[in-house]
Each structure stands twice: as C-alpha cells, then as structure tokens.
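**Q** One predicted model, sequence on top.
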There are 2 protein chains.
Amino acid sequence: MDDTGDDDRIHQGQAEHSTFDGEDIYAEDGSIRSDFLMHVGAAIADRDLLFLRRHVARLHESEMGDLLEAIQPEQRRQLVSLLGDDFDLAALTEVDEAIRLDIVEHMPNEQIAAALGEMDSDDAVYILEDLDQEDQEEILSKLPFTERIRLRRSLDYPESTAGRRMQTEFVAVPPFWTVGQTIDYLREDADLPESFSQIFVIDPTFRLLGAIDLDRVLRTKRGTKIEAIMRETNHPIPAEMDQEEAAQLFEQYDLLSAAVVDENGRLVGVLTIDDVVDVIQEEAEEDLMRLGGVGDEELSDTTIETVRSRAPWLLVNLLTAFVAASVISLFEATIEEIVALAVLMPIVAGMGGNAGSQTMTVTVRALATRNLDIHNAWRVVRREAGVGLLHGLAFGLMIGLVAGIWFHDANIGGVIAAAMLINMSAAALAGIAIPLFLDKAGADPAVSSAVFVTAVTDIVGFFAFLGIATWWFAIR
Amino acid sequence: MDDTGDDDRIHQGQAEHSTFDGEDIYAEDGSIRSDFLMHVGAAIADRDLLFLRRHVARLHESEMGDLLEAIQPEQRRQLVSLLGDDFDLAALTEVDEAIRLDIVEHMPNEQIAAALGEMDSDDAVYILEDLDQEDQEEILSKLPFTERIRLRRSLDYPESTAGRRMQTEFVAVPPFWTVGQTIDYLREDADLPESFSQIFVIDPTFRLLGAIDLDRVLRTKRGTKIEAIMRETNHPIPAEMDQEEAAQLFEQYDLLSAAVVDENGRLVGVLTIDDVVDVIQEEAEEDLMRLGGVGDEELSDTTIETVRSRAPWLLVNLLTAFVAASVISLFEATIEEIVALAVLMPIVAGMGGNAGSQTMTVTVRALATRNLDIHNAWRVVRREAGVGLLHGLAFGLMIGLVAGIWFHDANIGGVIAAAMLINMSAAALAGIAIPLFLDKAGADPAVSSAVFVTAVTDIVGFFAFLGIATWWFAIR
C-alpha cells in the first residue's frame, strides 16, 4: 500500500496542473507567472534546494520545459546542476533544440546515461538523436545492454520515421492465454511500460497477430481466450514509414496507439497518440512556416542564425523582383509620357499577388490534408478560374472607375480595368496550377509555391498593364 | 462466444484499413482508387445492394467520408438511401459541411433520429449542430428521453466549447468500490460507452473526485480500493472552456481523455484525444488560412460562395494599395525626370513585404503556440530588429550595386541601398509589432496582420525610395 501511495503521488504530479502558493503556475495569458519565476530565480541564486525540490522538481515535464525556456541560459544550467538526479530529463523533449543542446552539453555524460535509462525509449531517442556521434556513443556505452540495444535499434531507423518515434516498451501476450492469465501477468510483472493503452498479441517469433484495447480486456470474462477478443491488425505500421504518413493513419482511424513492425512483420515497438499529436502539430506548423518563407527556425535562434536561414528565400525573391523590374523597363518610354502608370502599376501587381496567394493557400492546405486529388482537381481548377474572372471583373471595374476619376482620364480607367481582369485570372490559375504541378513533380508545394505565384502575378501584372497602355495610347 | 465474434468483426472493420479485391482502397497518392469508385458508381446505378453492403457499408467512417466526397452529389444521395439503416451516420462527421447538410436534408428525419440514437453523443451533436432549429427540434423529439436530454445538454453549451465537443457517455464508479467490483461491473453492464480509456470516480451527487487510467486498473490487485489508486483531478475541464484551450491542456499534459464538469463540479462528460486532434488540426489550419487571406472556406464551396468569402480581404488590400499609390503620386515629378525610379521601386516594396511576412509568420505562430510571451518578447523584438538591419545592409548593398550598374548611375545605387536599409528595418519591426499589438488588443493576429504589414512595407518602401531620390537629386 505504501508503495502504491507513493507511486500515486508521482503519477498525480504528472497528469495535472502544478500549483504554486495554491494557484496555477501559469498566468492568464499562458506564460509562467512572474512571481513564480522570481522565486525560482532567487532559489537558484541562493542554492535553496528545499524550495527547488518542493516547487520545481515536481513540475510536469512540460511545465519544467516552459520554465527552462523562460529563465536565463546561466540559470538553466545552474538549475539542472542543483536538481541533479531530481531533474527529469523528459523536460528536454519540451524545449527548443538550442536549449536542449545547451543543457545536455553542460551535463556529465554519466548523469545523462543514468537519466536516459529511466525514461521511455521514445523520449530517450528524442534527446540522443540531436547529439553528435561521439557523445551519443559515449552515453550509449554507459547504458545497460538491453537499454543500449533498444535505443540503438530506434536510432538506426532514419529520422522522421515511425521507427525513430516509436516506444520500444510494450505489453505483448500469446494468443492462447486467457483474459485472466493476462490480468494476472499485468498485476505481477513489474517491468511494464509506465503506461499503455493496448495489449499486443504475438507468436513465439514476435510476429504480430493482433491487438486488444484495454477496455475490451476489462469487460471480458476471465475465462475468454485472448485470440477470441483480439482484432487482427491488417496494416500495422512499418518501422520505415514516414511519421507524417503514420500520423495520417492515426487521424483517419482514430487510433490511440499502433504496433510498429520490422520488415519481417515482427513487433518492434508502439507508436502512441501523444507522439502523433506532436507530429500533426509540427507538420501543420511546417506548412505555415514554409508558406511564410521561413524554414525550420526556432524562437531561440540567434540573430545570425535567423539572418542565414531566411536570406535564401529573400534572394530568390530578389531575382524574380529584378525580372519584374526588367519587364517595367521595357515600357520606360510610356511611363515617361504618362507618369500615372507608375503610380497605378503596383495596384495591379499587388491585387494579383493577394488573389494568387489566397488560391495558393487553399490549394497547398488541401494537398497537405489530401482533400484535393484527381477526383475533384478539375472541379476546383474551374472554380478558381471562375473566382479569378469574377474578382477580375468586379475589382477591375472598381479600380478602373477610381483611377479614371483620379487622373481625369477614362482611357487610364479602361486600361487598368482590362489589366486587372487579366492579372486576377492569371493569379487564380497560377495559384492552383503551381502547387498542383509541384506536388505532382514530388516537391513540397508549401516551400516554393509563393515565390512562383508572386513572380507570375508581378510579371503578368506589369506586362498587361503597361503593355495595354502602350498599345492603347499608340493606336488611339 | 458467438456474440463476441460478431462484435469483433465490426470492431475490426472500424479499426483497420478496408480492402477491395484484397488491396487497399486508397491509391498511392492517398485518393480513393479509381477502379473502386467505378465499381461503386456502377453498383449505385444498378442498385446492387449485395455489392454495396459487402464493400461499402463496412467501410470505416472516415473511408466512407472520403468515398462520399469523391462521388457526385446525386450518387451520394442514392447511396445513402440504398444503404438505409446500414449507412453509418458517423461518416458525416468526416465530410465537408456542405456535403453533410446536403445528405442530411435528403434523409427522412425518422432515419436520422434512429441513427443518432446509436451514435456516441459527441458525433450526434456534431451532426445536429449544423441543422436549422426546426429540423433539430423535430429530430430530437423523436429520440428516447435520456438521449434527448443528453444531446440537449451538449447543444446548450456554446459552439467551440468543451461542453459542445464532449461525449456524455462515460464510466464512473464510487471511491469505496474495489478494483474487483469495478471489473465485475464492467463485465456485466451492457450499457457502457463503445470505448473508453479512463474510469472516473464520483460521489453520490456526481461530483468528480478523480480518475484512473485503465492500465492502472489492470495492474492492481482485486482487493485494492478505487480511492487508493485514483489520482485527483485538480483542474478538470469546465464545460464552458474554449475547445482550443482544452486542446492545449491535452497537448501539454499528454492526456488521452479528460473529465468535463459543470459549474458545480459535477461530471457531465468526457473529452477524448481524437476530438482534440481534430481541434488542433483545425486551429493550425485556421491560422494558415487566415494568414493567406482566406476564411472558413471549404473545398466544396461554389464559385459564388468563394468569391464572396475572399472579396472582403481583397477590398481591404485595395484600400491600402490606393494609399501606397497616393504616396507614389507625391513624387510624380521626380519619376517623370528619372524613370528608372519607377522601374526599381517595386523591388524595394516587394523585398520589404517578403521580409515583413517572414517575421510576421514566425510571430503569429509563436503567439498561437504560446511560445512568445512577456518573458522573451523583448529578446525576440531585438533579434528581429537585428535581422532587419543586417538583411537591409546585405540586400541594400547587393541591389544598390546591380541598380547602379544597370542604370549607369551610382546615385541611383546609393539611393536604393539606403531605401532598402530603411524598409527592411521597418518590415522587421512591423512584422513583430503588429501581431503583438493585435494579440494584446484581443484580436486574432493571424486575421489582419498580413494586410497591415504589407501596407507598412509598401508605404515605407515607396516613401523612402522616392523621397530619398527626390531629396538627393535636388541637393546634388
């Protein structure tokens, strides 16, 4: 009983909000409360172990992660060293890569190895994979044999695969056991994973036969054979499967956990929904960041790292901007004559750019969520073309009217209206055709669609407006 | 045993990939196989119930959803009517709103009521909430009393709250029961939810005392009291909590399910991770769509619906474009004299726009994931200012050099370099200050940041470039 009670307290601390002074440690806006931070800072400075053990060591790993991100780098290292073995390394799975590496680099490899041995293998791999080869080897060599083998197996799978993300601890029983035998086994075996939501059924060679959800075990009589209540796993997740694909299976079939098998159909691990939630989050974030022209940057990156990671995209845009500028320069003579054209031309290009980016956003997202495929692509293309045409007519008329009045010249109004119609249509077509083409060609449409779409709307916009103007004022 | 076997087959169909001709019904690219669609189309036309029951009625709800989205509207209605009671209404939770409404409108209310009675309450509410008041009332009136009360309770909570999303079926036991009693109850009570991953502990007035994960029940001896192994729920989810906030709790604490309580602390339902995954997905998608200037549109929207939903954003952009144009018109005389300025000015504005949108994307995302708060805002602002300055210097020099050579005029090169430095710095500051300000003001930074940032970079870009040029060529 004593044991249970203790275990329970730990469990409790991990599953619910932590409190400080009887209140949530988070402020209204979701950031950590300033007074809590002040107390922690003071406790670190005073080496107040009592306070740190009581209020910091017991934080949930994600709360500890938020705390580590909120304090200064120097304080972080001191805190980790003060807490010693009380520091739960799992908190490092919740912080930016830069912070993780900084903390790990300042920890002795012995301490890391000891802590990793206590963790679920998926968290341990998450921390190990970012270290350089040398540190990784040294830490692995300090681990017990079975732990080492387990972690090596996960690390051997390529990054971003199910094998890399899986947890190698799982519960598996033979099909001829009864529900009663299974429950007795669970009650007696101390070496179970910390938590699990499925029991797997395997043959003597570890080949996966099926799985059972825990609620099913609980509602079945003791005498029933496992094979009678297991459901077959027609499509277990191959360890080499990309994590994004695995996440889509979880989403589609509302899975809580799924078996991961090697190329021989042998059970090697389990992928759980909490890892998958992270993957879904990451993938959605990736699309958003890529569409915005930023890569894998993190908030903790330095100025120089940020400058470097964003510059390539700006450089590509610079090239297309010069192409657009050279289109304008073809019409220098016309602009010199009618300077109103220079005033108005950014409107044509800008409106096209916005319309194109609307279509592109919808297309990229629909491709990512697999809502856009060969069955509806043609219908969506026609719709977008219609939208471009109608927007072109409506906004063309509007802008034409305003421009005509502004410059007291109906000709200018007519020219800009025609150019708008052309550019809005081009924008719609580019907005859908470019991501579709990139996707077909095997490229990620989120990465490069924006630059191509903007290039098209700039070039077509300037060319249509200045070209029509030159032609019209020449023949008039 | 017979019963178990049957149940199992249904379970199996719901948890794994379906097959057709022994192969996955999905093609490589994630769309439904064309030959399967052809067979389904033919079976609908021939009223081939045998084929439909065998290959279509048994699809997982999400597969059925994909199928419904891939076939023609007329086919959809025929398929649903041919399948009759074999049609699992849960598939409607997996399709676009427009398709859902179309199908429901063509179903008799009796059939809908009968089907809703069989479903988990969260799915039933999902379908009911989009119907108009009249249909909703009629369907509810046809349901058994307890079902009706349950669904009404969920529907009474505002949209996008935990109460609206929760499932009202759950397993709850008193604290003085033993593990053995609990297992016996689960084995005997037929009226349990279809699946569950947690058991709640309540007092006689339904006040929530705690919860136990199923694995904990399974590994504990029969004689142990429930209260000894339950963990207290310090912060259950209030039914009025916004679903996004609830999702963040799930993510932060890696929850699989969580109790939802009313204002008196009484257990009213359970929120499960699969609903939360949908919320996370939706929220991430919302940010992406809003940044791209599109609202809640769906792929099945018509051309007119799309034109209407996107036009407001384009209109706002049009207004800022006219402001930018009027800035240009201040410098008509200078442009008339030096037409190269008209050629180059879009480069200054465009590069600023791109740099600003990079910073804005990072800021909006960091705000959404609560990674950006008062503890690091100042550091990030300084970093972005530094990035703007460095990019301004680097790209200013580059563009200045190219422009100077292009137009054989070092003055033009110098002017554009200076303007670039100013505009890139303005872009960085606008990119972070505007979303931060909108967030502080309680607005969603994803919705309107882009238009303000572009307005700033256009106006500052044109003003700086043409203004410096006018001044420099005047004093030279």
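**A** All right, it came through fine. Residues are numbered from 1 along each chain as shown, chains lettered A, B, ... in the order given.

**Q** Please count neighbours and contacts with C-alpha atoms only from this point.
**A** OK.

**Q** near chain B, which residues of the stretch 351-476 of chain A show up?
**A** A:351, A:354-355, A:357-358, A:361-362, A:365-366, A:370-371, A:373-376, A:380, A:383-384, A:386-387, A:390-391 (Cα under 8 Å from any Cα of the partner chain).

**Q** if we go to 7 Å?
**A** Residues of the stretch 351-476 of chain A lying near chain B by Cα under 7 Å from any Cα of the partner chain: A:M351, A:N354, A:S357, A:Q358, A:T361, A:R370, A:D373, A:H375, A:R383, A:G386, A:V387, A:H391.

**Q** State the helix or strand in which the fifth one lies.
**A** In this structure, A:T361 is located in helix A:340-368 according to DSSP states H and E.

**Q** Flag every buried residue along that helix.
**A** For helix A:340-368, the neighbour count (16 or more other Cα atoms under 10 Å in any protein chain shown) marks A:340-365, A:367-368 as buried.

**Q** Show me the domain layout of chain A.
**A** If you go by automatic domain parsing, the domain ranges for chain A are A:13-160, A:172-273, A:303-475.

**Q** Could you dump the ones you listed into CSV and include mean pLDDT?
**A** Formatted as CSV, the domains of chain A follow (pLDDT from 0 to 100):
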stretch, mean pLDDT
domain A:13-160, 87
domain A:172-273, 90
domain A:303-475, 92
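
**Q** Quickly compare those domains and say which is most buried.
**A** domain A:303-475 (a mean of 21; mean count of other Cα atoms under 10 Å in any protein chain shown).

**Q** Off-centre distance for that one?
**A** Offset of domain A:303-475 from its chain centre (Cα atoms, centre = their mean, to the nearest Å): 30 Å.

**Q** tell me which parts of the stretch 101-250 of chain A are close to chain B?
**A** A:183, A:186-187, A:195-197, A:214-215, A:218-221, A:229, A:231-235.

**Q** one more time with 10 Å
**A** Counting by Cα under 10 Å from any Cα of the partner chain, the stretch 101-250 of chain A comes close to chain B at A:182-190, A:192-199, A:213-222, A:224, A:228-236, A:245, A:249-250.

**Q** Out of these, which sit inside strands?
**A** Within those, residues falling in strands by DSSP state E are A:Q198, A:I199, A:D213, A:R231, A:E232.

**Q** Surely the third one and A:S257 touch.
**A** Which is A:D213. Yes: the pair formed by A:D213 and A:S257 meets the contact definition of Cα atoms under 10 Å, at 9.3 Å.

**Q** what residues are shared contacts of the two?
**A** Overlap of the contact sets of A:D213 and A:S257 (by Cα atoms under 10 Å, 6 or more residues apart in numbering or on different chains) consists of A:F196, A:S197, A:Q198, A:I199.

**Q** Report the contact partners of A:E138.
**A** Here A:E138 is in contact with A:N109, A:E110, A:A113 (Cα under 10 Å, 6+ apart).

**Q** tell me which element the closest residue to the first one other than its chain neighbours is part of?
**A** To tie it back to what came earlier, the one meant is A:N109. Using Cα to Cα, 6 or more residues apart in numbering or on different chains and skipping residues adjacent in sequence, the residue nearest A:N109 is A:I139, 5.8 Å away. Secondary structure from DSSP H and E places A:I139 in helix A:133-141.

**Q** Send me that helix as PDB with only the CA atoms.
**A** Only the C-alpha atoms of helix A:133-141 are listed here, as PDB (Å, rounded to 0.1, in the frame of the first residue of the first chain):
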ATOM      1  CA  GLN A 133      28.100  10.900 -32.900                       C
ATOM      2  CA  GLU A 134      30.800  10.900 -30.200                       C
ATOM      3  CA  ASP A 135      28.700  12.000 -27.300                       C
ATOM      4  CA  GLN A 136      25.900   9.600 -28.400                       C
ATOM      5  CA  GLU A 137      28.300   6.600 -28.400                       C
ATOM      6  CA  GLU A 138      29.800   7.500 -25.100                       C
ATOM      7  CA  ILE A 139      26.400   7.800 -23.400                       C
ATOM      8  CA  LEU A 140      25.100   4.600 -25.100                       C
ATOM      9  CA  SER A 141      28.200   2.700 -23.800                       C
END
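
**Q** Give me the contacts around whichever helix or strand comes after that helix.
**A** Sequence-wise, the next helix or strand downstream of helix A:133-141 (DSSP H and E) is helix A:145-156. Applying Cα under 10 Å, 6+ apart, the set of residues contacting helix A:145-156 from outside is A:116-118, A:121-122, A:124-126, A:128-129, A:137, A:139-143, A:161-169, A:239, A:268-269.

**Q** What about the residues you listed, which are in helices?
**A** Counting by DSSP state H, the contacts of helix A:145-156 place A:116-118, A:121-122, A:124-126, A:128, A:137, A:139-141, A:162-165 in helices.

**Q** which of the contacts of A:E138 lies closest to B:A98?
**A** Top of the list for closeness to B:A98, among the contacts of A:E138 and by Cα to Cα, is A:A113 at 54.8 Å.

**Q** Can you tell me how far the closest one is from B:D102?
**A** Distance from A:A113 to B:D102, counting by Cα to Cα, to the nearest Å: 59 Å.

**Q** Check A:I374 too.
**A** 22 Å.

**Q** give the contact list for A:V380.
**A** A:T363, A:L372, A:D373, A:G386, A:I432, B:L299, B:S300, B:D301, B:T302, B:T303.

**Q** any chance of those in JSON lines, plus distance to B:D409 and secondary structure?
**A** Below are those laid out as JSON lines (distance: Cα to Cα, whole Å; DSSP: H, G, I helix; E, B strand; the rest coil):
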{"residue": "A:T363", "distance to B:D409": "44", "secondary structure": "helix"}
{"residue": "A:L372", "distance to B:D409": "51", "secondary structure": "coil"}
{"residue": "A:D373", "distance to B:D409": "52", "secondary structure": "coil"}
{"residue": "A:G386", "distance to B:D409": "46", "secondary structure": "helix"}
{"residue": "A:I432", "distance to B:D409": "41", "secondary structure": "helix"}
{"residue": "B:L299", "distance to B:D409": "51", "secondary structure": "coil"}
{"residue": "B:S300", "distance to B:D409": "54", "secondary structure": "coil"}
{"residue": "B:D301", "distance to B:D409": "53", "secondary structure": "coil"}
{"residue": "B:T302", "distance to B:D409": "53", "secondary structure": "coil"}
{"residue": "B:T303", "distance to B:D409": "50", "secondary structure": "helix"}
